[in-house]
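Asks: A predicted structure for the sequence below; I have some questions about it.
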Amino acid sequence: QVQLAESGGGLVQAGGSLRLSCAASERTFSSYAMGWFRQAPGKEREFVAQISSSGSREYYVDSVKGRFAISRDNAKNTVYLQMNSLKPEDTAVYYCAGTLYSGSMRLSNPTTYTTWGQGTQVTVSS
């Protein structure tokens, strides 16, 4: 089972940018579709974005389309989430997650993912 570790979170003003990284422990990373989720205090974990194992397909929740971009570098076993035009409502703990499921029907469901990172805090001040 691949292990994941996020980094890059922090405090940023509204309108600013951050890039999150998620490093995987194994070369089997390239077989996994990778997702980013977030969880704000008192709220359920929310799907943010997913990228297919090859990087050819990307999916986003409507609230981040046009502001966030997911990418991956399979040579570096790393997936990224570039977050621009950040808003206070983007404040949350962000998690990366991996799945060997290659379809699109369940990609936003956290139970589809079998491996998770520990999370990184993103705080956007107004």
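Replies: Structure's in. What do you need?

Asks: which SS state does residue 89 fall under?
Replies: helix (DSSP: H, G, I helix; E, B strand; the rest coil).

Asks: going forward, the N-terminal residue is numbered 11.
Replies: With the count now opening at 11, the last piece we talked about shows up as residue 99.

Asks: and the pLDDT for it?
Replies: We have a pLDDT of 97 for residue 99.

Asks: how near is it to residue 73?
Replies: Separation of residue 99 from residue 73 (CB to CB, to the nearest Å): 8 Å. Quick note: C-beta positions are derived from backbone N, CA and C, even for glycine.

Asks: give the contact list for residue 135.
Replies: For residue 135, the contacting residues are 21, 22, 23, 24, 98, by CB atoms under 8 Å, 6 or more residues apart in numbering.

Asks: for the second one, give me its contacts.
Replies: For residue 22, the contacting residues are 28, 96, 132, 133, 134, 135, taking CB under 8 Å, 6+ apart as the criterion.

Asks: before we move on, the earlier item: just among the contacts of residue 135, which is most surrounded?
Replies: Greatest neighbour count in the contacts of residue 135, by other CB atoms under 10 Å, goes to residue 22: 17 neighbours.

Asks: look at the residue positioned nearest the centre of the chain and report its pLDDT.
Replies: Centroid check for the chain by CA atoms, centre = their mean gives residue 46 as the closest residue, at 2.0 Å. Note on residue 46: pLDDT of 98.

Asks: who's sitting farthest from the centroid in this protein?
Replies: residue 136 (22.8 Å).

Asks: I'd say it and residue 24 touch.
Replies: Yes - shown here, residue 136 and residue 24 form a contact pair, counting by CB atoms under 8 Å, at 5.3 Å.

Asks: anything in contact with each of these two?
Replies: residue 98.

Asks: residues touching the residue lying closest to residue 94 once chain neighbours are set aside, list them.
Replies: With CB to CB, 6 or more residues apart in numbering as the criterion, residue 94 has its nearest non-adjacent residue at 4.7 Å, and that residue is residue 27. The contact partners of residue 27, by CB under 8 Å, 6+ apart, come to 92, 93, 94, 95, 96.
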